[in-house]
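**Student:** could you work out the structure for the sequence below:
(2 chains)
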Amino acid sequence: MSPLGKACLAVSLTCLCVFGASFMQAPVVHAHGEHNLEPFIRMRGISFFNVEFSHERLAVNETMTVTGKFRAMNSWPRMLTTPELAWVGVLVPGPKLAVRERWVNGRFIQNAFNIELGEIYDFKMILQAREPGRYHVHPLINLSGTGGLVGPAKWITVVPGDAPPSYTVQIPATGETIDLEHYGFGRVVGWHIAFGILGLAWLVYWARRPMLVRYALLVNGVDEEQITPADRRTSLIFGVVLVVVVIGGLLVTNSGRPPIIPHQAARMWDLSGLPVPSAVQTEVKELRYNTTERSLSMQVEATNASDQAVVLRKFTTSYLSFINPATQDLYSDLQNEIPTMQVEPDGLFQPGETKMLTLTMQDAIWETDRFIEFDQPQITAAGVLVFTDAQPLAREDLQPMMMGNSREGLGVPWERISSLNEVYSNIQIDFGSMGSQASL
Amino acid sequence: MKAEELAVLGQHKMAKVFDVILLLALIGFFTVIPHVSRMLYMGDWDFWVDWKDKLWWPIAGPSSALLVTAVGHYLAWYYLRLPLGATFTAVFVLIGAWLSRIFSFYSMEYYPINFIWPATTIPMALALDLILFWSRSYLVTSLIGGFLWGFLFYPVNWLMLMPFLQPVTLFGKTFTIADLMGYYFIRPQTPEYLRRIDEGTLQAFLGQRIWISILMAGIACTFMYWIGIGLGKLLGILPMRKVLRQT
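**Tutor:** Here you go, the predicted model:
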């Protein structure tokens, strides 16, 4: 082998090894939008809270419920189109979980729906397991002009079930009950085969004769002579068969066909947001991020303008929530799953009381999930402060929707939200030490 | 070399081997390239049954499908005087599309196979080849064959689509069967508001928008045919002439 050949072989083998090694070293990627969207879109786009999954494990054909709320943020980035339409779904790798129902603010959602900044929406989805596996499932809000914003995720394990999933539906006009996973496929295959046979027959007729030599003949002036009378007769037969098949097919299909309609694209333009409770008035004084401690601290002046005592329950932004530990006893189901924050001074807000609160949220996720990036001309943060009544309520005392999610079976109290206060401000950075991103 | 000698040469074993090699190369090329072209230009209208509407799909579908098909159609006639290029492309792009749907959409993503069937262009391709064969004229073929390509696309595929347009209800809302499939078998990155179906200003003409659509498709394909011919000349003939001149 020549030196050049050896060099090429060496380079090729090296590339192959690097390529193979990259697969062995590849970490698990949660590429559902937790990291890839710019921080300001996630924090100032949609704030999810009270997201709950009814199951972590279910069998094929079983259903689970995903519920939650989200606020379309008033601090929406002005460089993006203000969204008009939204679509709620789940982010899964293909339809391994089928979406059987979608509800927003208590209304069944067929297609997309209108969305208003500053409003709160309560969603509920019924998912049905189709394929065994382990899936990282997010609730997902797609916004027109922007794209998808994901909520908090949970790993869901689907195990084989006793029966395959069933997607039957009855056609009202004919009374026929059909299976959505297979209906109409026989007709599709039949027509593809019919037209395929016709096309292949035409190809075989022509391609069975010498091909390359035809070019040489053409160059030598043999043109029309390559076409025989038999070719002309055959072409006429194919033409007649084609016309008969297409027109006959249309006539047969049209005769006695059931009622049909165009695809339905009806959007819901009259979906109102839920009333935003505003028992508390807040004003952000300062947002500060400490690179050494990886903590975001917020100074906010809060006044309880209602006639009931309230308590600061949580700060939520994008798919993150930080719980006030003083409220964990009220809602014990969440304490092992959601990070906490320090609140000073802590305790109840009495009616008419004003406090200067300092919230400290220490978590590496600010940087690992790119919520705070130093490589920005303007570093901002936004989120929602959630205040609740001091005591959880019994279910029968609740008005629908605003008070909480569908938590049947979870055995935990419901939560009455007294106030939802959006906070948005620039962040001051304390470069106590050069963090990993600071070098950027 | 005389024509008779060339005809004898064509029966030689090596000539047949070269024919097979050429055929295999063309199958590979015309399976992949038109498939990519269709994915790029027809995209979701070809992927999903609930995108197959009667306003955009009848126009976007045949126009984009004709582009590479016309290349194959032109080159087969130009080099080999064989009226099979369009049919050849239509058959193998359909095989490629089915392979993609079965091994990617169905096996990996688990979409129901009846939700993801591709459109066929074989009847129109056969018509295109036949008209060129009968007329020996690209102009006539573009006017009649190109028009038929666009005009017949919807009716031919409607034979398969029709059952999916029957109305059903869920929680009091009306869906087509295809809509309901799209509702259940979720496409997270293709939210419903991106679905371009039956929207636009062609809603006049006594509600007969399908006729407007397929007439427009026919006219668009008459022009698209020439773009395909131009592309074939640019990529398949001019470089070859240059090579032949240099050799």
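**Student:** got the contact list for the helix or strand harbouring B:W45?
**Tutor:** Using DSSP states H and E, B:W45 sits in helix B:44-47. For helix B:44-47, contacts defined as CB atoms under 8 Å, 6 or more residues apart in numbering or on different chains pick out B:38-39, B:51-53, B:56-57, B:60-61, B:97, B:105, B:116, B:118-119, B:190, B:194-196. C-beta here means a position set from N, CA and C on the backbone, and glycine is covered the same way.
**Student:** which of these fall in helices?
**Tutor:** In helices, defined here by DSSP state H, the members of the contacts of helix B:44-47 are B:38-39, B:57, B:60-61, B:97.
**Student:** closest to A:N111 among the residues you listed?
**Tutor:** B:W57 (18.0 Å; CB to CB).
**Student:** the spatially most central residue of chain B and chain A: what is the separation?
**Tutor:** Centroid check for chain B by CA atoms, centre = their mean gives B:A65 as the closest residue, at 3.2 Å. Separation of B:A65 from chain A (CB to the nearest CB, to the nearest Å): 14 Å.
**Student:** chain center to the helix holding B:W45, what's the gap?
**Tutor:** Remark: helix B:44-47 is offset 12 Å from the chain centroid, using CA atoms, centre = their mean, to the nearest Å.
**Student:** report the buried residues of it.
**Tutor:** For helix B:44-47, a neighbour-count test (16 or more other CB atoms under 10 Å in any protein chain shown) marks B:44-47 as buried.
**Student:** before we move on, back to that, and the ones in helices among the contacts of helix B:44-47, which are buried?
**Tutor:** Judged by 16+ other CB under 10 Å, buried ones among those: B:38-39, B:57, B:60-61, B:97.
**Student:** for whichever residue of the stretch 301-440 of chain A sits closest to chain B, grab phi and psi.
**Tutor:** Of all residues in the stretch 301-440 of chain A, A:Y319 sits closest to chain B, at 15.1 Å by CB to the nearest CB. Dihedral pair for A:Y319: phi -100, psi 10, per degrees, to the nearest 10.
**Student:** could you report the neighbour count for it?
**Tutor:** A:Y319 has 24 neighbours, counted by other CB atoms under 10 Å in any protein chain shown.
**Student:** now do the contacts for the nearest residue to it once chain neighbours are set aside.
**Tutor:** Counting by CB to CB, 6 or more residues apart in numbering or on different chains, the nearest residue to A:Y319 once its immediate chain neighbours are dropped is A:P152, at 4.3 Å. Under the criterion of CB under 8 Å, 6+ apart, the neighbours of A:P152 are A:48, A:51, A:138-139, A:319-321.
**Student:** one more time with 10 Å, if that's ok
**Tutor:** Contacts of A:P152 were listed using CB atoms under 10 Å, 6 or more residues apart in numbering or on different chains, and they are A:34, A:48-53, A:68, A:138-139, A:316, A:318-321, A:337-338.
**Student:** same check on B:R196?
**Tutor:** Counted by CB under 10 Å, 6+ apart, B:R196 has contacts A:265, B:43-45, B:51, B:53, B:55-57, B:60.
**Student:** next one: the helix or strand harbouring A:N142 to chain centre, how far?
**Tutor:** Using DSSP H and E, A:N142 maps to strand A:133-143. How far strand A:133-143 lies from its chain's middle: 5 Å, per CA atoms, centre = their mean.
**Student:** stretch A:234-252 now?
**Tutor:** Per CA atoms, centre = their mean, the centroid offset for stretch A:234-252 relative to its chain is 47 Å.
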